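# Sequence first, then the predicted structure, then my questions.
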Amino acid sequence: MAKHLSKILFGLIIVACFASCQRVIDIEVADAGSKLVIEGNLTDVTGTQTVIISRSVGYNNANVFPAVSGAAVSFVDGSNGKVSKLTETSTPGTYAIANFRGKTLNLYTLNVTVESKLYTATSVLAFPVNLDSLTLSNQVFGTKEIKVISVNYHDPANQPNQYKYVMYVNGVQVKRVFVENDNLTDGRAVSTMLYQREIDLKKGDKVEVEMQSIDYYMYNFWNNLSNQGGNSPQDSSTPANPPSNFNNTNVLGYFSAHTTQRKAVIIP
Amino acid sequence: MVNFSVFKPFKCIYTAGLIMLSGFMPLALHAQNSKLTISGTVKDSLTGEALIGATIKMEQAGKVGVVTNNYGYYSLSVDAGNYTLYASYIGYQTVPVKVSVSKNTRLNIELTASNSLNEITVSGNSKTNENVLSPQMGVNKLSMSDIANVPVLLGEKDIIKTIELLPGVKSTGDANTGFYVRGGNSDENLILLDGATVYNASHLFGFFSTFNSDAIKEVNLYKGGMSAEYGGRMSSVLDIKMDEGNNKKFDAEGGIGLISSRIKIEGPIVKNKSSFMISARRTYADLFLKLSSDTSVNSSSLYFYDINAKANYQINDKNTIYLSGYFGKDDVGLKGTFSTDWGNTNGTFRWNHLYNSKLFSNTSLIYSKYNYTIVNYTATDNLNVYSKIEDFNLKQDFDYFISNNNTLRFGIMAVHHTVVPGDVTSSPGSNFNAKIIESRYAFETAAYASDTWQLTDKFNLVYGLRVNFFDLFGPGNFNTYNGANAITSSNYYASGKSVITYWNLEPRFSASYTINSRNSVKVSYNQNSQNIHLLSNSTSSLPTDLYVMSSNNIKPGIAKQVALGYYRNFNNDEFEFSTEVYYKWLSNEIDYKDNAQLLGNNNVESELVYGTGRAYGIEFFLKKKYGRYNGWIGYTLSKTERKFDAINNGNYFPARQDRTHDISLVNMLNLSKRWSVSAVLTYGTGNAVTYPAGKYLLAGITTYYYSQRNASRLPVNSRLDLGATLEGRQHKSYHSSWTFSIYNAYNRKNPYSVIFRDSADKPTHTEAVETSLFGIIPSVTWNFKFR
């Protein structure tokens, strides 16, 4: 959190003292070739588990990402070697298995075969941690007071835990990656503020938060994404692609086995 | 934490020192035929300030001349007889001094400042072509009048902002005091304030530098060819000397500006023998916050203050002592949420002693500290982080005036470093656990010798060697990491037990060949090493930057640089021109892995990767030194690259600070007796950055794909700053002036950051959004002086 603290601090100074200014500029970049993107999720709650396969596009293209159909997709349970196949749904590029869940602390392997090439990733379904509650507080950012949602939970002692949060406001996903680990909070009652300025919260809004316990590699992956971007002096100096857990370096994306739990509040 | 294994490195250094000195012995013996000496100090007649680098020439002995050292001391070797000496110093009137010598003679000279630089006082003996004749290259000396006249952000005149206008020096951007010299990183600059290392030279995240110009006497920036007395950083030396204080009479001066005020008082303690100077300033940006009706905002703190103080006492002709100190603190916080403060503390005690008229000694005891504290107050988030780097330094320097054309400087030093990477403490109800990261201790010792030798009328030489010894010692657990950054071994070392040692030999050489008194060619080679490294997740000066020392995993950084230059003065030395080409090799450069966890990490060294770098370029500098109009133009064409195995397929890529073109134009014009105006124009290629080459969808968010490191460029950086000074009418005991400045006069939007997002109007498209910090910012300061 201290890392974020210094960024918030910096933001505070800039906003408070000087009128900074934003504008859209034209940039010239060379487009990279299209790459395979695999996004695999396996949760601990019985239901439909999905794997989405698509392709990346060049920077200058529209945000229309071609689906990849006709792939062979399966999960392998590391405890018993059982293979569970996913089938392509009516949405091209989306592969699913119904009435399925992952078991705590099991190692799972995702196998994807596209155009007779095999892509493999593994993930351990992390230890479940209960999302105790969501609380609301008012925070000053610059000269403005904003409403901030906090998640509250008890971190299990003596084991590394990593968490990811997904926030929805009135059903719309906040396009920000919230991620943290227990490096400084092991075994504590933790309250984490989910700072965001994308959708300002107001009275009557329904805010829903999904909390995931994720494994160490997925923490690195999401943490990289959450740090990416600014090219500014207070940001990580150079953005880079997040470290994928696929064995093949020529693929983007991830496979994450994680817990999931949701809670919602209405802003009073 | 003092330990006694320190005597081992001392012994090594002592031996190395002796060996080195014996290499210089022939020179010393050669000098023994000398006769009598005229020696003394050269000082300002009004303030008693020592004049550093003043030239003393003898009419009778042709071209023979010597230069005063860092304390204004000189020593001339002569036969018995009658002489006329000319002491000269830029901006001062040259006057002849007659002296009759029958024994060793003490002659203290006082010079009087010319009314202004506007008058060209060229007497036959005035020597203003020192830049051409001196073998030193890669150096820029800034006078305080240069710094005072350059318009700056919010009227806060600033040394670091001014040196960024010199060729070969690049700023890290608006609102930043970090600077890059000839392709080196911003932590590779040795910043010395009266000999004490200043670790973090920024206030308020880099909006201002820690140096209060009022308290500064002289600034020298060495971009290359630095003499062997300087060591510890790879790229440059910024040597800042504080005012000594007026030892003749009291005066007070100060200024009241929009966001800060400052005051300086100086005067004699014992007239002509002892003086003091104290200077302080404080910003009051937080007073504006108090105007806010929001209680959270108006109870926030946002300020810094700093104090410079210095005193000296001349015990007798042979002994002078100096005490100088700096203390600065920044405080930023939101009431009830968090507070953070950070700052530097430096102190230097020095003793000048003359063993005889040819051997000058300076003994320094130096203390440097940088620390920060972050406190988080909220009931659930209670957390306190403390971190510091602290040095105790003992330094012994000698100036041996062998003959009129040969001066040997030599010395030894020993520094005890302590790094506290970050102690995290918390209350029982907090989110956070206490976590203590082991402190690290090291001894760094060095010996050096540097000889300045005028071989012939045309050929000048400075050559020297520095031996640096670094010893990291326990107590603590030291892990060794393999290429994949996994722990391969872990050992506990008891207190004082050496973990690893590094020796570095650093040859330094520079020479000038004078074609005639207006033209010279210079060449230099220098090798520097560095054992203190700054890790930062960002390129701005956040107070939470982490210092690490060379260790079993981190090897000392080494830089080697060659440079060739051509110097020319014309129009009676009114104009000086120089051009230098350089090539620099850097090894053991540090970068960190993505997601490096720097705070509260016992294995921070596992997060690092090591590579090499190279930088090369050509610099042009044309300066008009005198006249109603003066100023300079600097241009740099350069390339700076880094190479890491794991980045960019192991190929060279542009460093962030790679800036192909960099131009500064500094103009100062005296309109009348009371009005003067100035204008500074800068233009530079944008920083190298990594822009996305593609994009894909992950977890419902448009995610960017990056290919080559730093293959794109931020937009061009350019700015025009204007300044004007109105001098008040002259009063007998009081003078005032108004300084007006306009920062970024044509309101250029310079890029601070560029981010990418889905366009709001066309959701299927990506747009690049540039943030710029400062538009046009006018300011006014009222300055006063009592005398």
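Everything's here; your move. Just so it is clear, the structure is predicted and the values come from calculations on it, not from any experiment. Numbers count the residues shown, from 1 in each chain, chains lettered A, B, ... in the order given.

# which residues sit against stretch A:145-153?
Residues from elsewhere that reach stretch A:145-153 (CB atoms under 8 Å, 6 or more residues apart in numbering or on different chains): A:129-140, A:163, A:165, A:167, A:189-195, A:197, A:200-202, A:207, A:209, A:211, A:265, A:267, B:294, B:296. Where C-beta positions appear, they are placed from N, C-alpha and C, glycine not excepted.

# Which among these count as buried?
A:129, A:131, A:134, A:139-140, A:163, A:165, A:167, A:190-195, A:201, A:207, A:209, A:211, A:265, B:296 (16 or more other CB atoms under 10 Å in any protein chain shown).

# quick check: mean pLDDT across the helix or strand hosting B:Asn630?
Using DSSP states H and E, B:Asn630 falls within strand B:629-644. Taken as a whole, strand B:629-644 has an average pLDDT of 94.

# Could you find the closest non-adjacent residue to residue 198?
Let's take chain A. With CB to CB, 6 or more residues apart in numbering or on different chains as the criterion, A:Glu198 has its nearest non-adjacent residue at 5.4 Å, and that residue is A:Val174.

# Chain B is the one I meant
Nearest residue to B:Val198, sequence neighbours excluded (CB to CB, 6+ apart): B:Ile191, at 4.5 Å.

# Help me confirm that that neighbour comes into contact with B:Ser235.
No - between B:Ile191 and B:Ser235 there is no contact under CB atoms under 8 Å: 11.3 Å.

# Looking only at neighbour counts, state which of those two leads.
Per other CB atoms under 10 Å in any protein chain shown, whichever of B:Ile191 and B:Ser235 has more neighbours is B:Ser235, with 28 against 25.

# isn't that one right next to B:Asn526, touching?
No - in this structure B:Ser235 lies outside contact range of B:Asn526 using CB under 8 Å: 10.4 Å.

# list residues touching both of those two?
Common neighbours of B:Ser235 and B:Asn526 (CB under 8 Å, 6+ apart) do not exist.

# and whatever residue of chain B ends up closest to chain A, how many neighbours does it have?
Residue of chain B nearest chain A, by CB to the nearest CB: B:Ser753 (2.7 Å). Applying other CB under 10 Å, we find 21 residues neighbouring B:Ser753.

# do the same with B:Thr363
For B:Thr363, using other CB under 10 Å, the count is 16.

# Then B:Glu589?
Burial of B:Glu589 is recorded as 22 neighbouring residues (other CB under 10 Å).

# Please identify the pairing partners of the helix or strand harbouring it and their relative orientation?
Per DSSP H and E, B:Glu589 falls inside strand B:575-592. When pairing is defined by DSSP bridges, strand B:575-592 lines up against strand B:557-570 (antiparallel), strand B:608-624 (antiparallel).

# Tabulate the ones you listed in a markdown table, adding columns for distance to B:Leu165.
Below are those laid out as a markdown table (distance: least, CB to CB, whole Å):
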| stretch | distance to B:Leu165 |
| --- | --- |
| strand B:557-570 | 19 |
| strand B:608-624 | 11 |
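
# Out of these, flag the one nearest B:Gln136.
Closest of the strands paired with strand B:575-592 to B:Gln136 is strand B:557-570, at 10.4 Å (criterion: CB to CB).

# What are the buried residues along the closest one?
For strand B:557-570, burial by neighbour count (16+ other CB under 10 Å) applies to B:557-563, B:565, B:567-569.

# For the nearest residue to B:Ser664 once chain neighbours are set aside, give its distance to B:Ile159.
Taking CB to CB, 6+ apart, and ignoring the residues beside it in sequence, B:Ser664 has B:Leu165 as its nearest neighbour in space, at 4.1 Å. Distance of B:Leu165 to B:Ile159, given as CB to CB, to the nearest Å: 11 Å.

# Stretch B:422-432 near chain A anywhere?
Yes - interface with chain A: stretch B:422-432 contributes B:424, B:430-432 (CB under 8 Å from any CB of the partner chain).

# Do you have the helices of the stretch 101-250 of chain A handy? List them.
Per DSSP state H, counting those that start in this stretch, the stretch 101-250 of chain A carries helices over the ranges A:216-227.

# What ranges does it have for its strands?
For the stretch 101-250 of chain A, the strands defined by DSSP state E, counting those that start in this stretch cover A:107-114, A:117-124, A:131-141, A:144-154, A:162-169, A:172-173, A:178-181, A:189-194, A:206-214.

# which helices and strands does the first one pack with?
Contact analysis of strand A:107-114 by 3 or more CB pairs under 8 Å, 6 or more residues apart in numbering or on different chains; DSSP states H and E lists strand A:36-43, strand A:47-55, strand A:72-77, strand A:117-124, strand A:251-258 as its packing neighbours.

# ok, now with 6 Å
strand A:36-43, strand A:72-77, strand A:117-124 (3 or more CB pairs under 6 Å, 6 or more residues apart in numbering or on different chains; DSSP states H and E).

# mind listing what's buried in the first one?
Which is strand A:36-43. Judged by neighbour count using 16+ other CB under 10 Å, the buried positions of strand A:36-43 are A:36-43.

# That one and chain B, are they touching?
Yes - Strand A:36-43 comes into contact with chain B (CB under 6 Å from any CB of the partner chain), by way of A:37, A:39.

# Quick check: bridge partners of residue 209?
Because you didn't say which chain, this covers chain A. Listed beta-bridge partners, A:Val209: A:Met167, A:Lys263 (assigned using DSSP bridges).

# was after chain B, sorry
Residues in beta-bridge contact with B:Ser209 (DSSP bridges): B:Ser202.

# wait, it sits on B:Lys161?
No - with contacts counted by CB atoms under 6 Å, B:Ser209 stays clear of B:Lys161, the gap being 7.1 Å.
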